[in-house]
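Student: Build me a model:
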Amino acid sequence: MRDEIEAYSLDPHWVRRSFDQAALSFDSAAVVHREVRENLLQRLELTRLEPRVVLDAGAGTGHASRALKRRYPKALVVALDSSLGMLAAAVRQRSWLRPFERVCADAELLPLAQGSVDLIVSNLMLQWCNPDAVFAEFRRVLKGNGLLSFSAFGPDTLRELRAAWKEVDSHSHVHRFIDMHDLGDALVRSGFSAPVLDVERFTLSYLDVRKVAADLKATGAHNATAGRMKGLTSKARFAAMQAAYENFRQDGRLPATYEVVFAHAWVPAGPKAARTAQRGEADTTSVSLEEIKRELRIRRDK
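Tutor: Numbers count the residues shown, from 1 in each chain. This next block holds a predicted model:
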């Protein structure tokens, strides 16, 4: 039980330090992040929104902030991240035509007024936070009829790497990712209305494990679990993990699986709608999962 808890528990200072160090290398290795971001932004096209204030939570190097400003040119777009290094790198995405504000803060304690935001978009940030705390803050700052749209890694993410390390020792080397259904429950607990969630899987292939590790390091995805080994990994341990990872080799390459949860949820307007959300009833403003998948297939086939 303790091992399971430690696999979910993260050191926020270590997380922030890792992303600060990865700010300059992030874009060169963020293949999955780019693909997921484009998918997440496409889903916004299925909603009729004219937001005045948009929050990009976990903005990283600012690509989503730039895209959101392009999509909503009249809106105030705020790029928020806990990493100063990432926000410094995000300057490169700003222009006088598409300016956005940068705020360094923790998503679990937003420096924003209650009901001040119309739209929150968050791409692959949630796995580095406490979802209940983040959703509570998102719910607090969103206006009635405001929209939350996010992506997060699911439990099958890096399953090959986790399994390979399990053959070596009992330490936590890859932290656990939260299941889609648990994220949906957390949204309802926070007062969001009838959330819609689905899962997609992405697989990258590599010639060797060292490239997997290099890409993770370049994107700031260091092991930040409470149960991680303190100190450097020995050559013998890494070699043992490398040998175990070979069991997954197919057609001469090693896979690295990423399970991605996509979700959107609305903030109900007024006390009656809030009670409806607590009962888990449908909200007429929501977009169904079937509609999302159908529209995305059409757009990708064009």
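
Student: going forward, measure contacts between C-alpha atoms and count neighbours the same way
Tutor: OK.

Student: just checking, Arg98 touches Lys74?
Tutor: No. Counting by C-alpha atoms under 8 Å, Arg98 stays clear of Lys74, with 9.8 Å between them.

Student: These two: which has the busier surroundings?
Tutor: With neighbours defined as other C-alpha atoms under 10 Å, Arg98 and Lys74 compare such that Arg98 has more, 17 against 13.

Student: tell me the SS of that one?
Tutor: Following DSSP: H, G, I helix; E, B strand; the rest coil, the label given to Arg98 is coil.

Student: what about the helices in the stretch 51-200 of the chain?
Tutor: 63-71, 84-89, 131-141, 159-166, 180-189 (DSSP state H, counting those that start in this stretch).

Student: okay, now Gln21: neighbour count?
Tutor: Burial of Gln21 is recorded as 17 neighbouring residues (other C-alpha under 10 Å).

Student: Name the helix or strand for it, please.
Tutor: Per DSSP states H and E: Gln21 is located in helix 12-22.

Student: What are the buried residues along that helix?
Tutor: Buried residues in helix 12-22, counted by 16 or more other C-alpha atoms under 10 Å: 15-22.

Student: Just the closest of those to Ala105, please.
Tutor: Nearest to Ala105, judged by C-alpha to C-alpha, of these is Arg16 at 10.7 Å.

Student: That closest one contacts Met86, doesn't it?
Tutor: No. Contact between Arg16 and Met86 fails when scored by C-alpha under 8 Å: they sit 9.7 Å apart.

Student: which residues sit in contact with Ser95?
Tutor: Ser95 makes no contacts at all, as judged by C-alpha atoms under 8 Å, 6 or more residues apart in numbering.

Student: where does it sit relative to Leu44, distance-wise?
Tutor: Remark: distance between Ser95 and Leu44 (C-alpha to C-alpha, to the nearest Å) = 23 Å.

Student: What of Glu259?
Tutor: Counting by C-alpha to C-alpha, the gap from Glu259 to Leu44 is 21 Å.

Student: Look at the two and report which has more neighbours.
Tutor: Using other C-alpha under 10 Å as the criterion, Glu259 and Leu44 rank with Glu259 on top: 20 against 17.

Student: pLDDT below threshold where in this structure?
Tutor: Residues of the chain that meet the criterion pLDDT under 70 lie in 1-8, 226-232, 270-302.

Student: Can you tell me the centre-most residue of it?
Tutor: Residue closest to the mean C-alpha point of the chain, counted by C-alpha atoms, centre = their mean, is Leu124 at 1.4 Å.

Student: Angles on the backbone of that one, please.
Tutor: phi 50, psi 40 (degrees, to the nearest 10).

Student: what do you get for Ala29?
Tutor: Torsion angles, degrees, to the nearest 10, at Ala29: phi -120, psi 0.

Student: Okay, and the nearest residue to it once chain neighbours are set aside sits in which element?
Tutor: The shortest distance from Ala29 to any non-neighbouring residue, by C-alpha to C-alpha, 6 or more residues apart in numbering, is to Asp215 (5.5 Å). Assigned by DSSP H and E, Asp215 belongs to helix 209-218.

Student: Next, the angle from that helix to helix 12-22.
Tutor: Following axes from the mean of the first three to the mean of the last three C-alpha atoms, to 10 degrees, one obtains 100 degrees for the angle between helix 209-218 and helix 12-22.
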